[in-house]
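Chemist: Build me a model from this:
(chains A and B)
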Amino acid sequence: MTVLNKVAEILADHTDVAVEEITMETNFEKLGLDSLDMVDLVMQMEEEFDVKIAINQQLAQVSDLVKLIEGLQN
Amino acid sequence: MAKKQLMPWFNTVRPKYERVMKNSMSFQIIGTGSAYPVCIKTNDELSQLVDTTDEWISSRTGIKSRHISTTESLSELAVTAAKQALEDANVKSEELSLIICATIQGDYVTPSLACVVQKEIGAKCPAFDVNAACSGFIYGLDIALGYYERKKADKVLIIAAETMSKHVNWKDRATCVLFGDGAGAVVLSAGDGLVAIKTTASGATDILTIPGRTGNNPFSEPKAIDDYLYMNGPEVFKFAVTSMCRDLKDVIAAAGLTETEIDMVLPHQANLKIIEGAMNRLKIPEEKYYGNIEHSGNISAASIPILLDELNKAGLIKKGFKLALSSFGGGLTSAACVIKWNKEAVQK
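Modeler: Model (predicted):
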């Protein structure tokens, strides 16, 4: 599963937005995610992709998270 | 699912802390009690004090109101909870072999809260406090287990009592809305109720802290410190969800059970999002989780025994039920246990 697909799947699971509506430009705050939702999302990404993500990351939109994980994988 | 990535401080090799009481005598819970201060403050009332709203607090935490001490001392709450638990257990105070109070701070630095309770209920046994913050109640159960294993105890009273309203900064909207005050208590007797228990600690002074008093020693360098509760919310959330999942799995496995065999989960009531985070990662069905955070807020060590008492009084805990308790908080500490309920359900 690509990083974007997984992020979209988790976001669709937690919000009213459909998987196909989530793009690299989707903004986390506009989806209604608060700081603890973001930690939960990051933890799920760590579990899925076997990476370690520092908790104090500034993540505004989906592309920030995708780039971060892809960077950690390489 | 890929293997779970844990927080850095979990990656150290640690000894096994789970203790399993196979075929040996431990204890059982034979009575419960609890007490709240009279004053209830709703989210709307707090929004007149700090810049917040009911919607903001309840959607982020699950809390709608909390009890706040006004005229009641913590000792009074602890004594009320203790007397209720003794009555429920049909045990007289002079029968007690031990009193343990879990609290981050009693009304006095000394005497301990446990000693104040001992005096007020007329008990004659040893009494002391234990501070493991939110995990204090389960730490207390583990200490009591040692007394039973050494055959030094018959009836034990464990109280957890907290006045969190003394420790939060009522000008900080991020923390003052999260906590409440109250006390919970249980009476134990020898038996086979405790099936498995574990406690953990990962010392950290920068994630969840309340500074101690500095006094007025004229020979020390004066230090300007903020003496209110400080919490790094995201770090605590991650610690809490990770601990709750790991500890519950550990004690359930140590008890020789599967997650679906647990009848009730009583998690520490810190934040609904923590419980949901753990719920999504565990296999225990959603309807097995119980909570009272909506009307209690986070009462640190007292959260679980108050919840236990509310469920017991409501007649919801049936004889033979397998209860899983899980706590996490300041220290950082965490603890969990599996308890078989040997008491007849309260008739409603």
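Chemist: Identify the residues contacting the lengthiest helix in chain A?
Modeler: Selection of the longest helix in chain A by residue count, based on DSSP state H, yields helix A:35-49. Helix A:35-49 has contacts (C-beta atoms under 8 Å, 6 or more residues apart in numbering or on different chains) with A:1, A:3, A:6-7, A:10-11, A:14, A:28, A:33, A:51-53, A:55, A:57, A:59, A:65, A:69, A:72-73, B:1-5, B:60, B:233-234, B:237-238, B:241-242, B:271, B:273-274, B:277. C-beta coordinates here come from the backbone N, C-alpha and C atoms, glycine included.
Chemist: What residues of that helix count as buried?
Modeler: The neighbour-count check on helix A:35-49 (16 or more other C-beta atoms under 10 Å in any protein chain shown) flags A:36-46, A:48-49 as buried.
Chemist: give me the low-pLDDT residue ranges for chain B?
Modeler: Chain B contains residues with pLDDT under 70 at B:1-24, B:224, B:348.
Chemist: Would you double-check that B:A196 falls in a strand?
Modeler: Yes - assignment of B:A196 by DSSP: H, G, I helix; E, B strand; the rest coil places it within a strand.
Chemist: Can you get me a residue count around it?
Modeler: By other C-beta atoms under 10 Å in any protein chain shown, 23 other residues sit near B:A196.
Chemist: Identify the bridge partners of it.
Modeler: Listed beta-bridge partners, B:A196: B:V20, B:V338 (assigned using DSSP bridges).
Chemist: So which bits of chain A are right by chain B?
Modeler: Taking C-beta under 8 Å from any C-beta of the partner chain as the measure of proximity, chain A contacts chain B at A:34-40, A:43, A:46-52, A:55-56.
Chemist: Could you tell me the angle between the direction of the helix or strand containing B:I274 and that of helix A:35-49?
Modeler: Applying DSSP states H and E as the criterion places B:I274 in helix B:272-281. If you take axes from the mean of the first three to the mean of the last three C-alpha atoms, to 10 degrees, helix B:272-281 sits at 20 degrees to helix A:35-49.
Chemist: Contact partners for B:E94?
Modeler: By C-beta under 8 Å, 6+ apart, the neighbours of B:E94 are B:G122, B:A123, B:K124.
Chemist: Considering the residues you listed, which is situated nearest to chain A?
Modeler: Nearest to chain A among the contacts of B:E94 is B:A123, at 42.4 Å by C-beta to the nearest C-beta.
Chemist: Which residue comes closest to the closest one once chain neighbours are left out?
Modeler: Counting by C-beta to C-beta, 6 or more residues apart in numbering or on different chains, B:A123 lies nearest to B:S93, which is 4.3 Å off, once chain neighbours are set aside.
Chemist: How about A:I53?
Modeler: In space, A:I53 is closest to A:V42, 5.1 Å off (C-beta to C-beta, 6+ apart).
Chemist: Let's see the pLDDT reported for that neighbour.
Modeler: At A:V42, the predicted lDDT confidence score is 89.
Chemist: same check, this time on A:V51
Modeler: Confidence for A:V51, expressed as pLDDT, is 88.
Chemist: Good, wrapping up.
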